[in-house]
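K.L.:
just to be clear, the model below is a prediction. Sequence and coordinates:
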Amino acid sequence: MKPAMATKQQGPEALVSEALRKALASARVEVKLALSDSGAELQPEVEVAFPHGTSARQRNAALLLLAAQVELRTPTQEHWLVESAVLDNGVRGRVYLLLLGVGGPWPTREEA
């Protein structure tokens, strides 16, 4: 029996959700509020620890799918950019928000 595929009515969000679920099935995922690389502001992020043996393509696809899910669920009026990065020689990755802030480049804690 073939696995169920998303129908045309379900659209891209359903396809991304299913692909993301599969891509992260054996990874450890942690959502947190962390300091940015510069240490100047808080930044919401999802950190993913990949199991040993995860290929670079699998890792990259998982991070891109996670970033796509965040983009698809972001209201158009929000002031942030979604970014991703590979850490520790591919063992970990992160998807994070660059908060632009309503009043300038430094977001408040409430915005974060």
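P.N.:
Structure received. Numbers count the residues shown, from 1 in each chain.

K.L.:
format the CA atom coordinates belonging to stretch 42-50 as PDB.
P.N.:
The C-alpha trace of stretch 42-50 is given here as PDB (Å, rounded to 0.1, in the frame of the first residue of the first chain):
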ATOM      1  CA  LEU A  42      17.600  37.700  22.300                       C
ATOM      2  CA  GLN A  43      16.700  35.400  19.400                       C
ATOM      3  CA  PRO A  44      14.000  32.700  19.200                       C
ATOM      4  CA  GLU A  45      15.600  29.500  17.700                       C
ATOM      5  CA  VAL A  46      15.100  25.900  17.100                       C
ATOM      6  CA  GLU A  47      18.200  23.800  17.600                       C
ATOM      7  CA  VAL A  48      18.400  20.400  16.100                       C
ATOM      8  CA  ALA A  49      20.900  17.600  17.100                       C
ATOM      9  CA  PHE A  50      21.200  15.100  14.300                       C
END
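
K.L.:
that one: how far from the chain's middle?
P.N.:
Counting by CA atoms, centre = their mean, to the nearest Å, stretch 42-50 is centred 8 Å from the centre of its parent chain.

K.L.:
what do you get for stretch 68-82?
P.N.:
The answer for stretch 68-82 is 11 Å, by CA atoms, centre = their mean.

K.L.:
average pLDDT for it?
P.N.:
Stretch 68-82 shows a mean pLDDT of 84.

K.L.:
same question for stretch 43-57.
P.N.:
Mean predicted lDDT for stretch 43-57 stands at 90.

K.L.:
contacting residues around the longest helix along the chain?
P.N.:
In the chain, assigned by DSSP state H, the helix with the most residues is helix 56-72. With contact meaning CB atoms under 8 Å, 6 or more residues apart in numbering, helix 56-72 is reached by 12-13, 16-17, 19-20, 23-24, 27, 46, 48, 50, 82-84, 86, 90, 93-95, 97. From N, CA and C alone the C-beta is placed, and that goes for glycine too.
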